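3D, please:
(4 chains)
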2 protein chains.
Amino acid sequence: MADSGMGAGPRPSGESLLFLTDDQLRRGIEAMFFAYRGFTADPDRILAEKSYGRAHHRALHFVHRSPGTTVNNLLNILGVTKQSLNRVLRTLIEDGLVQSKVGVQDRRERHLFLTEGGEALEKVLSEAQRKRMRAAYREAGPEAVAGFRQVLQQIMDPEMRKHFDQLKDGM
Amino acid sequence: MADSGMGAGPRPSGESLLFLTDDQLRRGIEAMFFAYRGFTADPDRILAEKSYGRAHHRALHFVHRSPGTTVNNLLNILGVTKQSLNRVLRTLIEDGLVQSKVGVQDRRERHLFLTEGGEALEKVLSEAQRKRMRAAYREAGPEAVAGFRQVLQQIMDPEMRKHFDQLKDGM
DNA sequence: TTGGAAAGTCAACAAGGCTGACATAAACTG
DNA sequence: CAGTTTATGTCAGCCTTGTTGACTTTCCAA
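As a prediction, this is how the structure comes out:
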């Protein structure tokens, strides 16, 4: 198929550009499920060797992405409790992958940075993940990629969408 | 922006249709992360009320999708251990949402079906999820949706891709 | 100077992954 | 028929990562 004919079934007359059966929507849902598994598979393998988990990867990713970010900001982006993040962050700091610096203007805040070791691990993880994404993009083609990104942005919660857009500015 | 100009930076001459900087790939990765959160948010809220989790939702989804499927098949699709699945399946059976029938040809097998109650919960969950997907699809447009699906299929592991394609046949 | 925000810590708990071991019944095979 | 393999279920125990609640320390700002 590839979304060409949609076989039998009644079709609501007129009105919408996009005719979306529940089954077609279910296919999209299943695609998200299976794809997300692939999306995390490569980093997960690497993390398992080092006895880290996905939570560590997420922290490394966003600290790399926004060096000097505060704990509170990270909390909002990741959408977890401070206790949960703190556990992960503590091990990363103990292992010398993340550095926490007291804020200059507001000394209550902690600003987070990756150390050389942290950058190195982040690079290995994100390269594994990018490799798969690059291959997928190449197979699907530029127009598919644009559509992919558009739909993903629409799926996000508005709150998360805001974080997503804010990260863009820093690039 | 929306992927129009990509600002400064060197560009490898010729060769590839698709020019993908690491930063562009990182944006795709972040989009997947944030979107997946939105993707699961609505069912998660409903499940929390009933003290079920995502694992229950997945089981309900795939049993609904392939009524009469065996435990082993479900195991392969979900990619978890039988102990993990069994815990979830047991509670669903105890709560009368799933029915397990001894196989006719092979009496070692258990064939799984949703009861009326199971169908009802599955419907509530999937309607919440489909509502978001439908809105996202509508905003993004049909071409974006096609691209979205193409890229997701490419991201999957070949093994998972096989399961994904097999499910299609049953539709 | 005092209230409250930011951050950290401790304790306890739950979901849902995992491994390993073991039991049963059924099917298959020599 | 005896032995092996397969499908399933179950018990016990462990790990990660999420949660809530309570409490402390630091320190900015009104």
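
how many other residues sit next to the one residue in chain A that gets nearest to DNA strand D?
Minimum separation of chain A from DNA strand D (CB to the nearest atom of the strand) falls at A:Gly53, amounting to 1.4 Å. Just so you know, the C-beta spots here come from the backbone N, C-alpha and C atoms, and that holds for glycine as well. Using other CB atoms under 10 Å in any protein chain shown, the number of residues around A:Gly53 comes to 13.

Report how many residues lie close to whichever residue of chain A sits closest to DNA strand C.
For chain A, the residue positioned closest to DNA strand C under CB to the nearest atom of the strand is A:Asn72, at a distance of 2.8 Å. The number of residues packed near A:Asn72 is 13, by other CB under 10 Å.

And it, how far from chain B?
The span separating A:Asn72 from chain B equals 18 Å under the rule CB to the nearest CB, to the nearest Å.

do you know how far that residue is from A:Arg138?
Distance, A:Asn72 to A:Arg138, using CB to CB, to the nearest Å: 39 Å.

One more: A:Leu78?
A:Leu78 sits 30 Å away from A:Arg138, taking CB to CB as the criterion.

coming back round to it: backbone dihedrals for the residue of chain A closest to DNA strand D, please?
Taking degrees, to the nearest 10, you get phi -130, psi -180 for the backbone angles of A:Gly53.

which ones are touching the closest residue to it other than its chain neighbours?
With sequence-adjacent residues excluded and distances taken as CB to CB, 6 or more residues apart in numbering or on different chains, A:Gly53 is closest to A:Leu47, at 6.0 Å. Neighbouring residues of A:Leu47 by CB atoms under 8 Å, 6 or more residues apart in numbering or on different chains: A:53-54, A:56-57, A:125.

Which of these are buried? Put it as a ChimeraX command.
In ChimeraX, the members of the contacts of A:Leu47 classed as buried (16 or more other CB atoms under 10 Å in any protein chain shown) are selected with the following command:
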select /A:56,57,125
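
now the contacts of A:Leu47 as TSV including pLDDT, secondary structure and distance to DNA strand C?
TSV is the format used below for the contacts of A:Leu47 (pLDDT from 0 to 100; DSSP: H, G, I helix; E, B strand; the rest coil; distance: CB to the nearest atom of the strand, whole Å):
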residue	pLDDT	secondary structure	distance to DNA strand C
A:Gly53	94	coil	10
A:Arg54	95	helix	12
A:His56	96	helix	15
A:His57	96	helix	17
A:Leu125	96	helix	20
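
Out of the contacts of A:Leu47, which two are the most distant from each other?
The largest distance within these, taken as CB to CB, falls between A:Gly53 and A:Leu125 and amounts to 11.8 Å.

List the contacts of whichever residue of chain A sits closest to chain B.
Here chain A gets closest to chain B at one residue, A:Gly147, 2.5 Å apart by CB to the nearest CB. Shown in contact with A:Gly147 (CB under 8 Å, 6+ apart): B:140-141, B:143-148, B:150-151.

By residue count, what's the longest helix in chain A?
Taking DSSP state H as the assignment, the helix of chain A that covers the most residues is helix A:22-49.

Check the average confidence over that helix, would you?
Per-residue confidence for helix A:22-49 averages out to 95 on the pLDDT scale.

And that helix, how far out from the chain middle?
For helix A:22-49, the distance between its averaged C-alpha position and the chain's averaged C-alpha position is 12 Å (CA atoms, centre = their mean, to the nearest Å).
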